[in-house]
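J.: Quick one: sequence plus predicted model below, questions after.
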Amino acid sequence: MPIDEIEFECEEQMDKAVEFLRKELRGIRSGRASPGLVEHLKVPVESYGSTMDLRELASISAAESNQLLLKPFDPSTLKDIERAIQSSDIGITPMSDGKIIRLPVPPLSGERRQKLLAQVRKLGENQKVAIRNIRRDTNKKVESEQKAKSISEDEADKCKETIQDLTKKYEGLVDASVAGKAKEIEEV
């Protein structure tokens, strides 16, 4: 396998790890109302006979900084959506008027903020471990290519340096994402 292909594959995998973290962080509640908080919530819909993401069943908008509005595309799914929100662990009680569901996002308590910060840091650390595992696996590929005599020792060393630079870059992106979310959670 050519070196540039190995490096490209490594960067692609590291990029996926960072993107996964960003998606996970969108679902963590901060003091502000954000559609990302509920859009991936799984809703079992009896009339459809399947489980769907909330974003497939309703339009989600942030009416104010502390309230989400859910407008179901099909009014018959309103009760299913309400039940799914109540049984989820987001800690918000839905209020319905028969057509629209309002989700008032209460301010976070100090204890809840600390738990969320710990959760965010843990997610960040897990993705850093994933990035380091990608580095390890890629370095093994480079070593096997070197043993197979398809690349020289100098090329292998240069490739390992590039992989280390990629690791530092993507760990920095993880740190920036975690810091941004932590700042959002700490805002009162």
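T.: Received the coordinates, thanks.
J.: Poorly predicted segments of this structure, please.
T.: Applying pLDDT under 70 to the chain flags residues 29, 31, 188.
J.: Try it again at 90.
T.: For the chain, residues meeting the criterion pLDDT under 90 lie at 1-4, 6, 22-117, 119, 145-146, 148-153, 155-156, 181-188.
J.: Could you list the buried residues of the single longest helix found in the chain?
T.: When secondary structure is assigned using DSSP state H, the longest helix within the chain turns out to be helix 110-147. Residues 113, 116-117, 120, 123-124, 127-128, 130-131, 134-135, 138-139, 141-142, 145-146 are the ones in helix 110-147 that count as buried (16 or more other CB atoms under 10 Å). From N, CA and C alone the C-beta is placed, and that goes for glycine too.
J.: Show me what that helix is packed up against.
T.: helix 3-26, helix 153-186 (3 or more CB pairs under 8 Å, 6 or more residues apart in numbering; DSSP states H and E).
J.: Now do the SS call for the residue located most distally from the centre of the chain.
T.: In the chain, K149 marks the outermost C-alpha relative to the chain mean, sitting 40.4 Å out by CA atoms, centre = their mean. At K149 the chain is in coil, as set by DSSP: H, G, I helix; E, B strand; the rest coil.
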